[in-house]
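1. What would the 3D arrangement of this be:
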Amino acid sequence: MEGGPAYLRALIAVAAVTSVLAGCGGDGSGNGSRDPKYTVDIVRATFPQRQHLAEQTTFEIAVRNTGQDAIPELVVTLQGLGERMADNPRRSLWVIDAAPAGSGTASPDTWTAGRVKPGATATLRWLVTPIEAGTRVLTYKVDANLKGDVTAALADGSPPRGSISVRVTDKAPNARVDPRTGDVIRDKTRSGG
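-> Numbers count the residues shown, from 1 in each chain. Got it, this is the predicted structure:
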């Protein structure tokens, strides 16, 4: 072994110092701070709480930059859409028919709205179709970039996050096809479930 026990102790000491320095954060400015916090407001987060199998719905979140500086890269993590079916782990509970354009990231549950100027609102929409009945909870959180070296917070300092409970019924919605136009007409007042 190269250098014996003294060599190993020196390596452990260097690793410990490196770990401590890395834990101090650093935003590249030399001040050792992990955070500038960017202040945001979740203007709306909507998803129908009652849904039907095979009926397309929309999840929408709108986030306003209420701070003084531009948010470098507004990030939304949405968990639950990609949850897997119990009897078929290769299939998700919802099919994502359309994600927000140009917002994809390497993480399947994370999307970005890009840079958001002070006072501006970014809105992201997903068109999804449920393919398994049951009660589900979707959670969302907002951050200020993908790297995690800066954060977003609500005006009171709390993290910008939330959840929506959804019941997907196995009863198909009442619908008919207009013979003149071919359009599908859904009768929301008579839908089962």
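
2. beta partners of the residue nearest the centre of the chain?
-> For the chain, residue 77 is the residue whose C-alpha lies nearest the centre (C-alpha atoms, centre = their mean; 1.8 Å). Counting by DSSP bridges, residue 77 forms beta bridges with residue 110, residue 141.

3. I'd assumed residue 138 was in contact with it.
-> No: Residue 77 is not in contact with residue 138 according to C-beta atoms under 8 Å; the separation is 11.0 Å. In this view, the C-beta of every residue, glycine as well, is placed from N, C-alpha and C.

4. and residue 137, what are its bridge partners?
-> Beta-bridge partners, per DSSP bridges, of residue 137: residue 165.

5. Distance check, it against residue 168.
-> Counting by C-beta to C-beta, to the nearest Å, the separation of residue 137 from residue 168 is 12 Å.

6. partners of residue 121 in the sheet?
-> What pairs with residue 121, by the bridge criterion (DSSP bridges), is residue 64.

7. thinking it is in contact with residue 61, fair?
-> No: if you go by C-beta under 8 Å, residue 121 and residue 61 don't touch, sitting 10.5 Å apart.

8. Comparing those two, which residue is more hemmed in?
-> Taking other C-beta atoms under 10 Å, residue 121 and residue 61 do not tie; residue 61 has more neighbours (24 against 17).

9. Helix, strand or coil: sort out the more buried one for me.
-> strand (DSSP: H, G, I helix; E, B strand; the rest coil).

10. The closest residue to it other than its chain neighbours and residue 62: what is the separation?
-> Closest residue to residue 61 apart from its sequence neighbours, by C-beta to C-beta, 6 or more residues apart in numbering: residue 45 at 4.6 Å. Distance, residue 45 to residue 62, using C-beta to C-beta: 8 Å.

11. what about the two, which has more around it?
-> residue 45 (20 against 16).

12. For that one, what is the enclosing helix or strand?
-> Residue 45 belongs to strand 37-46 when assigned by DSSP states H and E.

13. Sheet partners, orientation included, of that strand?
-> strand 57-65 (antiparallel), strand 151-153 (parallel).
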